[in-house]
Each structure stands twice: as structure tokens, then as C-alpha cells.
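S.K.: Starting from these lines, generate the structure:
(4 chains)
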Number of protein chains: 4
Amino acid sequence: MSMQTGRRVGVAFVGMGGAVATTAIAGIEMIKSGSNRLDGLPLAGLSVAGMADYKDLVFGGWDLNGDDLASAASGHGVLSKDDIEDGAQALKGITPWPAVGSAKFCKNIDGSNRIVAAGHREAVSIIASDLRRFQKESNLDQVVVVNLASTERWPDLSDPTLNSPEAFEKGLDSSDEAISPAMLYAYAAIKSGIPYANFTPSVAADVPALLGLATEMNVPVAGKDGKTGQTMMKTVLAPAFKARALHVDGWFSTNILGNRDGLALNDPNSLQSKLNTKGTVLDSILGYPVEDHLVHIHYYRPRGDDKEAWDNIDVTGFMGQRMQIKVNFLCKDSILAAPLVIEIARVLDLAHKRGDGGVQEQLSTFFKAPMVKNGHGPEHAFGKQEAMLLDWLGVH
Amino acid sequence: MSMQTGRRVGVAFVGMGGAVATTAIAGIEMIKSGSNRLDGLPLAGLSVAGMADYKDLVFGGWDLNGDDLASAASGHGVLSKDDIEDGAQALKGITPWPAVGSAKFCKNIDGSNRIVAAGHREAVSIIASDLRRFQKESNLDQVVVVNLASTERWPDLSDPTLNSPEAFEKGLDSSDEAISPAMLYAYAAIKSGIPYANFTPSVAADVPALLGLATEMNVPVAGKDGKTGQTMMKTVLAPAFKARALHVDGWFSTNILGNRDGLALNDPNSLQSKLNTKGTVLDSILGYPVEDHLVHIHYYRPRGDDKEAWDNIDVTGFMGQRMQIKVNFLCKDSILAAPLVIEIARVLDLAHKRGDGGVQEQLSTFFKAPMVKNGHGPEHAFGKQEAMLLDWLGVH
Amino acid sequence: MSMQTGRRVGVAFVGMGGAVATTAIAGIEMIKSGSNRLDGLPLAGLSVAGMADYKDLVFGGWDLNGDDLASAASGHGVLSKDDIEDGAQALKGITPWPAVGSAKFCKNIDGSNRIVAAGHREAVSIIASDLRRFQKESNLDQVVVVNLASTERWPDLSDPTLNSPEAFEKGLDSSDEAISPAMLYAYAAIKSGIPYANFTPSVAADVPALLGLATEMNVPVAGKDGKTGQTMMKTVLAPAFKARALHVDGWFSTNILGNRDGLALNDPNSLQSKLNTKGTVLDSILGYPVEDHLVHIHYYRPRGDDKEAWDNIDVTGFMGQRMQIKVNFLCKDSILAAPLVIEIARVLDLAHKRGDGGVQEQLSTFFKAPMVKNGHGPEHAFGKQEAMLLDWLGVH
Amino acid sequence: MSMQTGRRVGVAFVGMGGAVATTAIAGIEMIKSGSNRLDGLPLAGLSVAGMADYKDLVFGGWDLNGDDLASAASGHGVLSKDDIEDGAQALKGITPWPAVGSAKFCKNIDGSNRIVAAGHREAVSIIASDLRRFQKESNLDQVVVVNLASTERWPDLSDPTLNSPEAFEKGLDSSDEAISPAMLYAYAAIKSGIPYANFTPSVAADVPALLGLATEMNVPVAGKDGKTGQTMMKTVLAPAFKARALHVDGWFSTNILGNRDGLALNDPNSLQSKLNTKGTVLDSILGYPVEDHLVHIHYYRPRGDDKEAWDNIDVTGFMGQRMQIKVNFLCKDSILAAPLVIEIARVLDLAHKRGDGGVQEQLSTFFKAPMVKNGHGPEHAFGKQEAMLLDWLGVH
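M.R.: Residues are numbered from 1 along each chain as shown, chains lettered A, B, ... in the order given. Below is the predicted model of the structure:
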């Protein structure tokens, strides 16, 4: 168990009514009330000085859907009826703040609980004021923002607006279309001195303008795209194939899922963002390009939030002989994601407390496309990522 | 490519006519002749001072079956007709030396190419003289012994004969039945100052008597039970489940294989030896006992040397929710094993050259039940084993 | 929907507190109350004159465990909490009658709700009186007995007691140990003119003595061993391989399950009964012996009542080339079995009404080891079995 | 074994240099020479009066690639080196006749061995003269044409040219673009009184104009799209789910393959033709629309001609409970297809001999989208198709 600090940490989710956020909140509320165990929480059981306890987390956030969280959770089909009842008292009391949305960046997902703002600058100002109010009303020692909203389309990274803090400021003034909603949240948090993590494939803070701002303000940031199911397995298996010198000739990955994320990925633009973050992992670990690396994601309703991945891997071994490995992962997307989100929030808070700003590479193990400090390539191998995190935490 | 040392290293296999040994020998001969690539050789491509080159390996060994290696290889169905033709010149010229066998320790496997010896002491003396002759006739700088013979039944480890070098010497004099054939080879090698590795599940050198002798003589030893397919995957996956705090409720492992090893495992005593080395891996990595960890091995002829493993893993994650992972590995036993055997021989030779005697724990990654120095538990996690080996080799 | 006959049919289960029986009863009660659909009921939707409607079924039966059915169902983990609540009123009101048990025929399963009888003859008399009471008290037009009790060990079929009605009568008088509990139930039913089906692998009515009696009395009987998961798939796939002339070289079948049936099968004698009924299916369909047909069943608790089967099939096609098919069936044993049990009861009642006594071969599709009339081999091919049933029912 | 008729039947393949045709030809030649068994030939072993023996088949055909068949076969990687050597004498002697091709109907596939014709009419005339020459030079009793060429794009079926024999004749005169190469072959065969089968997904003879012509001329025709791997399994499994009243909620099918067919399917237009023939099978068998039926085909080079299918099926059973079946078929496309092509040719010849013209529905079992006589829906259930064929053959 982490040491009790008494420190109250607020976690503000972008996309608070979604399956991951409601699962995370219900889970922590049930830990508070004693009806949930610590299974699935990677850092449970470690003793790390200064890290907030699970019971000291407090939740808030934005969502285009304004339903209270008990209603929202019921709709996702992740939590059992019993669980929702257990967590109901807490969940019913929480309704998301109005959110920024843009059909240009994310189709298929909509809602009426919208920030009414004349432009980017006003939207940012409303977000920042939400954060101040949250901190004050909940009497928090620290707030952390985590983006869990649906995947946005890939922006034009060459746009000058995204490439320096100064240009970005001007872009805010002119409500430049290059700036996506996720970037508005990231900017508002960083500018307020509040750590920011991006658990989605959206680019968000991973542009020079915002990375520069985070360094300047010494605010911890991390991302992007939570590594839960298939890609996690990929980064676990590929280092072993490399260690055994089994040459990967092809890796065919297919996914079926039926939740709101799957629906959003039916928009080819959002899907492309997802595939961008999934694609380079293998080549990076193996040190050579895998010629037939195919990744497919399909919206398939019977599976609901229970995501299923099927991987077929073709390898060549000694004497040029061929072998196959097939991995079938029947997982639950939000169940895998929610505890990672919680740990990310706790680590970001700790980094801030330690005065450690900028990109937090030690969180790489939780991301498909880890953000890095100096332009060197990210570490994707699961075991090495794990070692990095334990080192940073001071756990031998 | 390893640095060329010009150093000639002889590898003497116990069970030289088996599928693994013939594959290893054919593969190296084809590397010498330029018709095999280095796929599957884990240490290929590393630059380690003093390590013998693949091309400087020379092979000898014992087998109860006296056929020349080209005939033996044809029978195993591992190598293609083309490969056997390519390696034929070398393979045809090699016939195994007469071997020690015992129906008490290994049923189902027999042969007529037997050492005729009045008792243990004489058998050991013949083995030692085989090794001297091999070194001299082949003009070798060093010889290494690797046991690849079929699995023996589990011995009575409490027998005093196996528990001190002195008692063991007396047991040799009295041809004590507690001493198995594999132990005779191990003793002969160690006593001759020759490094010894045990790639089989048999106990062999892993008794206090022989470990004591190896320490005393400062001879490198390693073992036991090569980690190729299902158990390798287990030691790759389990650390990831631990890192993600996914509680393993059950792990059901089944194997089908149709080669000589499979037939030997139809003897329940030999099977038990195999299951002994497979069983504790999971609990050791996870830090808790997996209550439903079942491992089954079945002799199934259609598969031949192509071994197939099917694993089903049940895990519990956040909110007590259950998930499943299924892994289906269509592998080739000897193709995975042969290159490991080669690397073990090269590392043992290097250890001997470095004056590093006793148990070589850095070879843990190649074994299901790694032998350890001081009675502390072995490291089973694949990533950590890999790091240990690279550290020892001096590769960053 | 079947035509409404108004005819009330009582189904008396041997093993009424088990997972299959409680699921069947709850399901029918929920159909009566409108909260269950007809999914999974093979004969739903067919219009067959004279067949009892699902809503006209009434349940009774014996069990060594005397708990009311709501308690029993809770323990099995098959029905959801909501389902048990829905069916609770009906289930709570039903408690099993005391049952006959014998540790000689079925280990691992025990209970205190036992018939107290001086010997076989008295036990039979109690069973028959239970049936009369059931019919009278529930005002039934007809009663049918279905055996769902745990698998008994395989009896000695050469024992003279089992080979003629006369010898069997004497065996009852002397409480002969050759007669198993399942046979006592079968005898009592048949002798009472009540149709009897055996859904378990136990031999029960499938001995000459009882088959003779059934023919003599013109009472419908059927069995044995319900065909639900893996064996059903086998009888679906094998005819296709035969039609395509794909030669089956090997078929490896493994099952994991964690329910009470699995526990009973941990007794090697009961397991043998199960494997006996599973084994011959393939050879019978294909017309040649499959040399490597292996079937394994393992008790594996994490799976509970959710049974999982993994099959690997090796076939040879044109040009002697080899292919593989793997089938992974994540099924729910009792959910598959319960509706079959219901249909068997309805068909037996109809057969009785039609005056069609003796072995009911048209029910072959529901059994792993179908009982047959004249010693000719049973039909195992799923499609042909289905056609036989539809023909008998008079459905085109 | 079929009865020897002495009757010589010529089989002319459209796409003779492809993997299926070369495999079929090599296989029959090896049967003639005694080095191939009858595995995989569905009608081997049946005694059917008048049906040509395998040894009495003679091969010819067209291909855009003019290489001799031994060279072509080497390139496909289906036959082993040994097999090609065995069949080499026969294969080397066969070179394809120049073929009709059109980049409009089939991208990605090209070749230089082309018919030089001023227009459709002349092309048809050349094809017909090829058939006459084949019959005469090879001294054949009968010729049959089977289309094995790469999949063409889906034509505009509403085009008047394709909807009456008269309009089609005019279209030939004007070289109407609505007429595809496959239609030219079909027309030439039918007009010459030669039976025609279409083993590809291309529409070919399945347009009113050509069906009308076949009826008029009383020429047997059959098609379309050979049913080998995944779709065959689908038509085997779906009837069983129906018989057991397991409601199919979703069926996710993915295929990976690396042969020339796979490459052709990288053209979205050809892929659509394939998906058209695959799509309706399930709904037709089950009697209701499967809401989530997804079928994907991916070009994945490591697999070569070894096609792999992975299916996940979600079903709902009794009490609304969900189950899953996963089928993984590691098959060899051409090895499954070649013997079907041979049987189709033998049956068409027999039909012609029997005077049975028009669509041959009894061949439905060999096709994904069986052609039918009177506009009624095709039979897709595998078992019923098999029964239809055996009935027609007169095998009880």
C-alpha cells in the first residue's frame, strides 16, 4: 500500500462520461468504501514516498454528454449492475462540466453539453476557470488533467501555428482551425501549471508549441494513447522474439470491439490517428522493418466493451524454418485502461511535487506512442519501460 | 558477427544422434559452407571478445543409436531433404561413440551402440577417454559437453550418494543405482575439467555431489531443461501480467508433439521430470501460487517434430473483472533448441577461458529450471534473464 | 410455436438440484412468466401436433442434496442473480425428493438427502411411489423421467444380472452390486410405464435387461450422454471432412471445465464412462479408424460452468498435403444442455402418446452415444440425425 | 473407384497457368503415374456409371502467361520440388494457349500471351477454334471448360446487353464494354455445345443472356466461386447453430493469404466481387439477417498459398446467455480447390452425356454462390448440398 499522505489530488477528465473515466471513478469510490480490491492497479503494493493514495483522489471533468455518471456508466455496459449500485451514491452526484467539441476533429460523437464560447481564447479561459473552481470547491492540494475523449483526426503537424508557443498564442486569438479541442484543454492545463496527460491517440500536447510551453512552465506532461491490449502484448512479445533471434516476417493484428471508441474509429480520420500510434512499435523494438505488419480495427457490436484481439505472427528461426504464434486476447478495454489512467494521474502529481516538469518518459509503459524529451526515439519494449518506471519511483 | 578467435572448440553431445544435436551440427556445417543464415542464434551479431566463432565449432558425441548422422537426421524429419543434402558430407562422416544407457532411468528409448563396462567406474573412465581422444584427434583448444539425451526419471534426491563428492565417489565404486547415466557423463566431464551443460530435464549435475565437484574444480556447469516453446512464452508473458497487476487465476497449458522426446514422455516417470522443471516457473515470477496451473504433454504423431502448444490464461483485473488470453504456438522443437545449445556451448567455453567456474547463472534464459549458485531461487522472468546474460557478456 | 394441447406433462429429474436441471426448470418457469425467450430450444417454432407446450411442463425429481432449487441454482453460477430472482418464486417452492446414491458407482459427489431402503427392491418401490405421487398431486397427464445425475463408473456389462429381464429381477431381490443407482431409476420408470431418458454417460437403461423390459412394456427410452459442446462440433465437422475426402490423421480434443461435473470426472472411473461415449463418434462417421484421436477433460476451476473446448484437427488433402483446423468453443455447459433435456422430455411424451415404445432413435442428435434398436451401429453424423428427427416429427 | 469408361474427357482451363490449374493437372498426372493418392477428391471411391475416370482426363487451356506449366507451378509454391519433378514430364510439355485479358475487368494481373483479335466476335471465334483443335488433336470424346482466371470486377447487371441472348449477340458484334473476358469464354463454350463451369467469383455465365443460351442449347453450366475454406466451414457450422436454435449475433471472418489471388483482391473492385459471393450465405441458411456479419480478406505475403482463416462467432443460447466459437483454419487454397475443379469437370461431362442441360444445381456444394435454375434461392447448407449431389449421382 502506498504511504498515506493525506494529500488530496483532483483528477479532471476530458471525456468524463466515457467508459474509461466512469470505470476509474467507480473503482476508486468502491476502494474508498472497501468494496473493490486493488487488482489491475499496477502500482498498488509499492511503497513510494509522496505518492497520493487511491483514497485521496477526487474526480471532476468535462463531457459533451451531460448525464450524471451513474446514468452514463449504465449505458457503457462495463460495470455490473451490482457495481453501479455500490458506486451509485458517488456517481449520481457527479455531472460533467460542459465540454468543447468539434465535428471537424471527431465525427460520430456528439452531445449537447457544450461550452458556449465566442472562440478559442474564450474556450480556454472557461476551461481554466473550471480547473480553478474544481481545486477550490474540492479543497484540493493539486489538480491533474487526463484526456480520455474520443480520438480526433490527425492534424497537419507542419502548420506553423502548432510549432511555437508564440504562434500558438496567435492561433488562439484568431481561433485558428489548426488547433483541435484536445489542444485547447492541454493548453489551458499547462498554462495553469497543471500536469496534463493524453491517454488517447489524439495529438493534443504532442506538438512543439505545447511541449515548449510545458518545458518553459516546468509542468509535467505525458502521453499518448493508452497501451492496454493488443499493442501491450506486442511490446511484450517482440523483445522476446528479438532476444531469441526469431525473425518476424509478418504480424497480422485484427481487433473487434463494439463500444463508443469503436464507433468513433469508424470515422477513417480517427482510425488513422489510432493506426499512426500503433504502427511503429514493432520496427522500433526489432530494429528492422517488419514487411507485413497489418493492423485492423473493426466495429463489431456483439462484443460491446469486451474487445477481442487476434494476432498471427510468422517468424523464421534456425535453418530458415518457419513458425507461427497466434494470440487471442479476450479483454475488456475500459477495465484495462481505467487503472492505468489512475496511476498516470498519481505519477504526474508526484512529478509535479518533485519539481520534475516537461515530458515524463518514465510513463512510457502506459502508452502506445510514448512522448519523449529530446527527439530521440521512444522506448517501446515493455520490460525496459517497466524498469524505467520502477527506477524513477525509486523501487529497486 | 563474433570476433574470429581461431580458437577451435569441440562440442561433445550426449545423445548426438537426436533431433536437436543433428540439427545443431547440420546448421553449423551449413554456416561453414555459407548455405545457412544466422536466424535463430540469439548471440549472433554481438561482438564479444574471446567467444568462439560458429565456424570454429567441431562436433562429437555419444548415442545408443550408432547410425551416422545423415541417416539419423533423415529419420527425425526436422531438416528438409535439401538441407540434409547440403550438410550431408559433414553429417555422413560422423558416427556417435558408444553410449551409456539404463532402462531403469529412461524407458521407451533403446539402442545397441552401448558402452561395455563392468560398472560405473569403468563407464566413467571410457567417457573421459572419449573426451581426451576427441580433443587430441580434432586438435581442439577446448571441449564442452552438452547433455541432449532423452529425459531420465526423477532420482531420489535424498539418497546420500548424491549429496557429497565423497559419497558419490564411493557410489561410483559400488555402481550405486542412485547414480543415473546422465550423472556419469556429468562427473566424467567435470572431473576432466571440461564444462558441462544439461539441456534436458534430467537432474544430472544438479545434485550437491556434482555441484560441489564443479566448484572445487572451478569448472563451468549449467542447466537444466532447455526453454524453447511454451515455457519460454510463459516467462515472457507472466512478468507483464505482474507489471499490470492482472491476477492470474489459472493457466492451462497443453502440448502436442510427435517426436522421440514425446515418445519418451509417454513414460510417466520421465514425464514427471519434465513437469517438475515446468511447474514452478509461474509462481516464482508472480510471487503467489497460481491455484489452477495445469501442464499437459501429449504424444500425438501427426505433429512430428512440429510441436504445438495451446495455453489458456484466466486473469482478473480492475473491479474484479475476468479476461482471457489464449496463445497457440506452432513451433518446431529442434529448430528452437538447436541454436540455444550452440550458444550455451560458446558461453561455457568463454566462462572457462575467463576462469569463471561453478554454476553459470547468466545462462538462465536458456533453461526452464535454471541452476543457481547459492540456493537462492532462480530468476525466471525472461527480460531479467536476458539482461543478466547481456551484462555478463559485456554487451551494454 | 407448438400447438397448445393443454396436456400437462411432468418431468422428473434424477439429479434435480444440479446445474442442468435447475437451469431447465428456471428457464421454463421464466417462459411461463414471459421473461425468457425461446433461444436455444431446438424445436421451438415447429408446429407438431400433439407435442406438449413448454408452458405445460411441470417439474419434480430426486437429489442427494436436499436444498430448495433457488439455493441450489445460486451455487451453480449458471444463472444470473436477476434470473434467479425472476424464477425464484417457482424455484424456492421446489425441494428434491430423497435420492439413491452409491459411492461405489460415483465418487466425489455426496449428499444427505437419501432414500432409506433395505435394498434394491425397496428403493425401486420408493422411486415408483414418488412417481405416482408426483402424477397425482400435480394432476399430470403424463410423467417422463430424465437422468441428469453425475456420471457413474462403467459397469461390468458381461454380468449376467444385466443381460435379461429375469436375471435383473433376481438381482433386485438380492440387491446385486452389478446394479447401479441409475439402473434402479430406469427400472422403476419403465416398470411404471413411464418414458425414461438418460442424459448422462452412465450406462443406466442401455443394458439388455432394461432394453428388453422397455420393449416388452412398449415404453419409450432414449440416451445416452447429452451432446452439447465438443462432441456436437465433432459430429458437425467430421461429415464435412468426409464429404471433401480430407483424411483425418489426428484429432486432439481438450476440455476444461470447473463445475460439479468436472469434479466428478476427476474420479478416473467416471471419466472412463465419459470417454467411452465420446470415443467412437469419429471412426463411425469417417468409416476408418482415426489413429491419433485423443480426448482429454480437465477440471479447471476458473472456468466454472463455462466449459471450454480446444480441438486441433490434422487432415491430409490432395497431393498428400497437410492442413490444420483449430476450434475453440467457449460454451456454457448447462445452458446448452438444459434446452435439449426439455426437448427430449417433450419428444418422449409424444412417442408415448403415439404408442411408439422402445428405443427412440430419432433422438440421436441429442446424444453422444445414441441408443439403437437392433444392434446396428448408431448414426452420429449431425445432419443425418437432424433429418431423422424432423422426419419423425413430421416436419418437412 | 469409378468404373473405367475409356471415355477421354478434355478439360480446358481459363487461367491454366495458375496455382489451381497446375495443381489439378499435376495431381492427375501423378495419379496416372501412380505417385498420387486420391485424398481430397470428393467423389473418389464412389461407383457411378458413365463418369469419366481420373486417368482419362486430358488438359489444355488459356493463360496470359505463356510459360510452360512446370515453370508456372514452380512459381506458385504449392507443389513440392519432388512433386514438380514427378509431374515434370507432363507439365513441361504443356504451354497455355494465348488468352483474352482486360485491365478494365481485372487489375494487378497481366501477361503477354494474348489473343490478338479485332474485337469480341473475333476473340470468341478464336476461343471456339481452340476448343475444336483441342478436341481433335487430343482425340477427345468430350471437352469441358472451367474458368479459373483471376476475379473480375462486378459488371453492371442491369446492362441490357447481358439480359437476353439477342442483345448479347449484338454486344459481341459491337465489342460492347459490358461484356467481360470471362463472358467471352462462357459464350464460346456454350455456343460450341461444351459444358462450362465458373470456379471464380466473376459473374461470367451467370447473366440471363448466357443462362438463356445454355438452356436453349441444352448445355450444362455451373458456378460460381469455389467453396473451399472459410465459406465451406460457414456452411457446415451455420446449419448446426440453426438446428440447436443458437442465435447468431455476429460472425467475424478474416482471411490472410499471399498468393496471386490475394494480390488480385487488393484491387477493391475484384474484392467486391468476392465479397458479394461470400456475403449472403449465412442469412440464407439461418433464415434471418445476421446483423454483424463481417468478412475481410487481406493480402499477407508470409502465408503464400497457405491461406489462413480466423472466424469468431457470437451466439446466444438458452436464457439469453452468450457463447463464442472461434475457428482457425490453416488451409492450402489450391490444394483444396484443385480436386473440386476435377470433380466439377467430371460431373459436367456426365450431365452432358445424360442429356441434362442448363444449370447443374447438384454441384452447389462446390460453390459459394451456387447458380440456380428458376430464380429460387440457392441451397447453401453443406449437408443438404451433399445429399443433392449424391442423389443426382445415384449414390444412396
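
S.K.: Now do the contacts for the residue of the stretch 151-300 of chain A found nearest chain C.
M.R.: Here the residue of the stretch 151-300 of chain A nearest chain C is A:Ile256; by C-beta to the nearest C-beta that distance is 14.6 Å. Placement of C-beta: from N, CA and C, glycine included. Neighbour list for A:Ile256: A:298-300, A:303, A:307-308, D:252, D:294, D:312 [criterion: C-beta atoms under 8 Å, 6 or more residues apart in numbering or on different chains].

S.K.: In ChimeraX, how would I select just the buried ones from those?
M.R.: Typed into ChimeraX, the line below selects the buried ones among these, using 16 or more other C-beta atoms under 10 Å in any protein chain shown:
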select /A:298,299,300,303,307,308 /D:252,294,312
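
S.K.: Just the ones of the contacts of A:Ile256 in strands?
M.R.: Among the contacts of A:Ile256, the ones falling in strands (DSSP state E) are A:298-299, A:307-308, D:252, D:294, D:312.

S.K.: Which element, helix or strand, includes A:Trp392?
M.R.: helix A:382-393 (DSSP states H and E).

S.K.: Enumerate the positions of that helix that are buried.
M.R.: A:382-390, A:392-393.

S.K.: mean confidence score for it?
M.R.: Mean pLDDT, computed over helix A:382-393, is 95.

S.K.: and it, anywhere near chain B?
M.R.: Yes. Using C-beta under 8 Å from any C-beta of the partner chain, helix A:382-393 reaches chain B at A:382-384, A:386.

S.K.: Going along the chain, name the strands of the stretch 201-350 of chain A.
M.R.: A:220-223, A:247-257, A:292-299, A:306-316, A:322-332 (DSSP state E, counting those that start in this stretch).

S.K.: Now do the residue sitting furthest away from the middle of chain A against A:Gly34, distance only.
M.R.: Ranked by distance from the centre of chain A (C-alpha atoms, centre = their mean), the top residue is A:Met319, with 42.7 Å. Using C-beta to C-beta, to the nearest Å, A:Met319 is found at 58 Å from A:Gly34.

S.K.: just to revisit the earlier point, which of the residues of helix A:382-393 next to chain B lies closest to chain C?
M.R.: Minimum distance to chain C across the residues of helix A:382-393 next to chain B is 24.4 Å, recorded for A:Phe382 (C-beta to the nearest C-beta).

S.K.: Can you find the helix or strand in chain A with the smallest mean pLDDT?
M.R.: Ranked by mean pLDDT, DSSP states H and E, the weakest helix or strand in chain A is helix A:268-279, scoring a mean of 63.

S.K.: Farthest-apart pair in the ones in strands among the contacts of A:Ile256, please.
M.R.: Comparing every pair within the ones in strands among the contacts of A:Ile256 by C-beta to C-beta identifies A:Lys307 and D:Leu294 as the most remote, at 14.9 Å.

S.K.: quick one: buried residues of stretch A:44-53?
M.R.: Buried, per 16+ other C-beta under 10 Å, within stretch A:44-53: A:44, A:48, A:51-53.

S.K.: and it, is it in reach of chain B?
M.R.: Yes. Residues of stretch A:44-53 are located near chain B by C-beta under 8 Å from any C-beta, namely A:44-45.
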